[in-house]
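**Student:** Next one to model:
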Amino acid sequence: MAIASPKKRAVIYARYSSDMQKVTSIDGQLLLCRKVAARNDLDVVGEFVDAAKSGLTEDTRDGYQRLLNGVRKQDFDVIIVEHFDRLSRDPATIQRLKQVFEFNRVELMDQKGVYATATDISIASLYNTIYKPQLADKVRRGHDNAVNSGRIPGSYAYGYRPRPGVPGERMIDESEAKIVRRIFIEYTAGRSTRDIAADLTREGVPSPGATRHKNKAGRTTWNHQCFTGGRHGRGIIGNELYIGEIHWNVRSTILNPETQKKQKRRNPEERHIIVKNAELRIIPQALWDSAQKVRNERAIHMFGPSGKPRRRPVVPRNNEHPLAGVLRCGVCNGRMRIAQSSRNGGPRAACANAHQRGTCEHTRSFDMDVLLKDVAEKMEVRLLSPKAIEEAMRAWKEERKSDQRKDSERSSLERRRRVLNAEIERLSYAIANSRRKPNELIKRIDDCDVERETVEERLRLLGNGGENVISFDHPKFGDRYRSEAKRLVTGLKINPKAIETRIAFRNLVDCIIVHPVRKRMPYEYTPYLNAAALFSMKLLEDREKSGTISTAYYDTVQSGKSVSS
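**Tutor:** Purely as a prediction, here's the structure:
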């Protein structure tokens, strides 16, 4: 008697694009895909959903990212979608996805119930190329009509709330409007935006994000940039809605095809749409004019006659510097961010709580290049000293004890897996040659199969063992330790922005606490290392493994105090 082949495992992906569509669109897609799975005898093992997320983006779609992780792990065999554009509307992306699916032996199926071929994907890509501009024109036309009618598409500004039952219409929220008036009055009186933000935070006044995200942490923390905005933002002080004017289509958001990041650009004046609605006025005209005069004067004082910020082209992106994401404030223990640039164009880091929210007193900024140079010099001395090597060897022995315990459990699990495989094979042979009903044997196979999956999952969590661990021999261990430390220090001196160097540095350095000091005084900081990262034989080559084996062993490197600012 032949044994029926197991069903293919399938997952469903559903998405709708914007607030103009309903949540029921997701339910409809899921129901349709479930029917497709039933017709094709597929076992649905999961569903991934993205609500109100554009098909032109990838990073912001949580369901999409979880789906890709499942593809890479080969957790299923088939992906079912209503249309291919549910996965992506970008032709290049959908072609790349098909290649990723094929590499991981995962098939793609749409509502027709037919496995997608390269030709199907090419036709869908061509359709999306034609459809995207048409869709954008339709959405833009709908938004423009709404604005001309006095309605506002999208989210609502601080000081307003949606009018119930009338999509797009706004009404004044008196409790928030009172805070808006206070901000304008204090700003006009000459107070800095940081001081205003610090007072509102200290008083526990709900911030703009609090009313939109009820459970968001830090909902009473105000950021001074929300008052004046960034390079392209208006902020509260520059929002004409507070004087009863709806300004629409002033800027456009476009996608950079190289970085896949969105950028804002100002549209020509003739494309701007301005509609007046006196019912939405919160700020008197005289107060508004005074606030704009103060804003212009401050901009000219800070940036020169143009009143516009000048960007230094040599300032690196945040993730290109080895210290990005590593520095922490020595006062509040909060993150430090790239806040400005030095005279030579290098990045300077400052406490985010102090710089943006005014909730920390550590207001000094630090030259990240100078700090990195000193850290590299200290690492060369501290990591290669006899005491450092002795400490590393001690920590390595502790790590190996843990590995030995895992090895014992791994061996036991592998033996059990071999027993289960043999049992399943024996039962399958018995079913094939039995004349009696095999129900009990099939149930026993199912039980063995469930236990085998549990064993395999535990083996996966334990990893492959000590493939990167050298035997505990003092000379060899010392040589390996010195070699890895020297390679990292050399990389930091020669090319610190190289990908391999940055990853190895961030794997090794857990964080660096930067302490407050007076101006023109040497920097003081305390680095904390993941010393176990040096035990890997592939600290600089393997980006993933070197990060997973690191265990926090703090205080391996002490404070450095010899850097001039």
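**Student:** for the stretch 51-200 of the chain, which spans come out with low pLDDT?
**Tutor:** Residues of the stretch 51-200 of the chain that meet the criterion pLDDT under 70 lie in 52-59, 127-129, 131-132, 135.
**Student:** And the stretch 351-500 of the chain, by the same measure?
**Tutor:** Along the stretch 351-500 of the chain, the model assigns pLDDT under 70 to residues 383-384, 388-389, 391-393, 395-407, 431-439, 457-458, 460-481.
**Student:** Buried ones in whichever strand or helix holds Gly63, by neighbour count?
**Tutor:** Using DSSP states H and E, Gly63 maps to helix 62-73. When burial is assessed from 16 or more other Cβ atoms under 10 Å, helix 62-73 yields the following buried residues: Gly63, Tyr64, Arg66, Leu67, Leu68, Gly70, Val71. Every C-beta, even on glycine, is put in place using the N, C-alpha and C of the backbone.
**Student:** CSV for these, including distance to Met302?
**Tutor:** Shown next, in CSV, are the buried residues of helix 62-73 (distance: Cβ to Cβ, whole Å):
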residue, distance to Met302
Gly63, 43
Tyr64, 41
Arg66, 44
Leu67, 46
Leu68, 44
Gly70, 49
Val71, 49
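**Student:** Could you check how far the helix holding Gly63 is from the centre of its chain?
**Tutor:** Its chain's C-alpha centre and that of helix 62-73 lie 14 Å apart, by Cα atoms, centre = their mean, to the nearest Å.
**Student:** In which helix or strand does the closest residue to His362 other than its chain neighbours reside?
**Tutor:** Once flanking residues are discounted, His362 sits nearest to Val331: 4.2 Å by Cβ to Cβ, 6 or more residues apart in numbering. Here Val331 sits in a region with no helix or strand, counting by DSSP H and E.
**Student:** again with Glu47
**Tutor:** strand 43-50.
**Student:** Show me what that strand is in contact with.
**Tutor:** The contact list for strand 43-50 (Cβ atoms under 8 Å, 6 or more residues apart in numbering) reads 7-15, 26, 30, 34, 37, 61-64, 66-67, 70, 75-76, 80.
**Student:** one more time with 7 Å, if that's ok
**Tutor:** 7-15, 26, 30, 34, 37, 61-64, 66-67, 76 (Cβ atoms under 7 Å, 6 or more residues apart in numbering).
**Student:** hmm, back to that, which strands or helices does the helix holding Gly63 pack on?
**Tutor:** strand 9-15, strand 43-50 (3 or more Cβ pairs under 7 Å, 6 or more residues apart in numbering; DSSP states H and E).
**Student:** ok, back up a step: surely the residue nearest to His362 is in contact with Val517?
**Tutor:** No. With contact defined as Cβ atoms under 7 Å, Val331 does not reach Val517; the gap is 11.6 Å.
**Student:** Can you report how many residues lie near the residue nearest to His362?
**Tutor:** A count of nearby residues for Val331, using other Cβ atoms under 10 Å, gives 17.
**Student:** So the residue lying closest to Ala498 once chain neighbours are set aside versus Asn344, what's the distance?
**Tutor:** The shortest distance from Ala498 to any non-neighbouring residue, by Cβ to Cβ, 6+ apart, is to Gly491 (6.4 Å). Distance of Gly491 to Asn344, computed by Cβ to Cβ, to the nearest Å: 22 Å.
**Student:** Same check on Lys35?
**Tutor:** 64 Å.
**Student:** Repeat that for Arg426.
**Tutor:** Computed as Cβ to Cβ, the Arg426 to Asn344 distance reads 74 Å.
**Student:** what about these two, which has more around it?
**Tutor:** Shown here are Arg426 and Asn344; by other Cβ under 10 Å, Arg426 has more neighbours (14 against 9).
**Student:** for that one, what are its contacts?
**Tutor:** Applying Cβ under 7 Å, 6+ apart to Arg426 gives no contacts.
**Student:** Which helix or which strand is home to it?
**Tutor:** Going by DSSP H and E, Arg426 is in helix 386-432.
**Student:** and the direction of the helix holding Gly63 versus that of strand 9-15, what angle?
**Tutor:** 150 degrees (axes from the mean of the first three to the mean of the last three Cα atoms, to 10 degrees).
**Student:** Contacts for helix 62-73, please.
**Tutor:** Val11, Tyr13, Phe48, Val49, Asp50, Glu58, Phe76, Val100, Phe101, Asn104, Val106.
**Student:** Same check on stretch 245-262?
**Tutor:** Identification of contacts with stretch 245-262 by Cβ under 7 Å, 6+ apart yields 56, 144, 147, 152, 232, 240, 263-267, 271-277.
**Student:** nearest spatial neighbour of Gly235, skipping sequence neighbours?
**Tutor:** Excluding the flanking residues, the one nearest Gly235 by Cβ to Cβ, 6+ apart is Gly229, at 3.4 Å.
**Student:** Distance-wise, check that neighbour relative to Glu409.
**Tutor:** 56 Å.
**Student:** Ala278 now?
**Tutor:** 73 Å.
**Student:** Those two - which one has more neighbours?
**Tutor:** More crowded of Ala278 and Glu409, by other Cβ under 10 Å: Glu409, with 13 against 8.
**Student:** Could you look up the SS state of Ile338?
**Tutor:** Classification of Ile338 by DSSP: H, G, I helix; E, B strand; the rest coil places it in strand.
**Student:** what about the closest residue to it other than its chain neighbours, how many neighbours?
**Tutor:** What sits nearest to Ile338 in space, not counting adjacent residues and going by Cβ to Cβ, 6+ apart, is Pro347, at 4.5 Å. When neighbours are counted by other Cβ under 10 Å, Pro347 registers 25.
**Student:** For the nearest residue to Leu42 once chain neighbours are set aside, list each beta-bridge partner.
**Tutor:** Nearest in space to Leu42, with sequence neighbours left out and distances taken as Cβ to Cβ, 6+ apart, is Ala10 at 3.9 Å. Bridge pairing for Ala10 (DSSP bridges) gives the partners Val44, Val78.
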